[in-house]
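turn this into a model:
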Amino acid sequence: LMLCKHKGISKKILGYHRIHVPGFTTINRRKRIARPKKLKFPILVKPLKEEASLGISQASFVETDTQFKERVKFIHEGYDNDVIAEEYIEGRELYVSVLGNHRLQVFPIRELVFREVPPDEPKIATYKAKWDEEYRKRWGLQNQFAEGLDPALVRKIEQICKRIYRLLTIDGYARIDLRLTANNELY
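I've put the predicted structure just below:
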């Protein structure tokens, strides 16, 4: 649970094992707020150790150093939490549930679909996108089984999710969140 809850550690482990993760940095509450130059905009800024998208809103999507510093400061002060800032990956928001210990079962892939969000707006699973029914209705947000995925891609996603599950030493069950780009790159 600790490996999965600490987004920075889990991404480091996955990156070490050549699983594609977005570029990221962590910013401790006691450190100076600065964006590493290698971290390219746009960026998502969110609490390092929260769950259920707590602390993620449209303001988490930043495109300038000023916005970056303001959002990091907001998370540090408002959530009393360290920050993870990661490059925004444009693409489909997929969720894969895995069950088991020795023999793993992967359930059908789910997707958060953004029906009414304008094409030029970021599509992110904010706290409201997950938990506020009125907000979900207004923006046409719907969780559904992923459609139109090539069977070979589905098998690849299943294999990657099983590998992640084992690398993070998960027992019982997990939901793994992925981004799928228009070029079928998985993050």
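
my guess is I160 is in a helix, correct?
Yes - counting by DSSP: H, G, I helix; E, B strand; the rest coil, I160 is part of a helix.

check contacts around it.
With contact set as CB atoms under 8 Å, 6 or more residues apart in numbering, I160 has these partners: I19, L178, L186. For the C-beta atoms, the positions are set from N, CA and C on the backbone; glycine is no exception.

most surrounded residue in those residues?
L178 (20 neighbours; other CB atoms under 10 Å).

measure that residue to S97 for me?
To S97, L178 is 12 Å away according to CB to CB, to the nearest Å.

do the same with R115
Taking CB to CB, one finds R115 at 23 Å from S97.

out of these two, which sits in the busier spot?
S97 (15 against 8).

what's the pLDDT at the residue lying closest to the more buried one once chain neighbours are set aside?
Distance criterion CB to CB, 6 or more residues apart in numbering; nearest residue to S97, sequence neighbours excluded, is F107 at 4.2 Å. pLDDT for F107: 98.

now do the same contact list for E93.
Going by CB under 8 Å, 6+ apart, E93 touches E111, L112, F114, K123, I124, A125, D177, L178, R179.

try 7 Å
For E93, the contacting residues are E111, L112, K123, A125, R179, by CB atoms under 7 Å, 6 or more residues apart in numbering.
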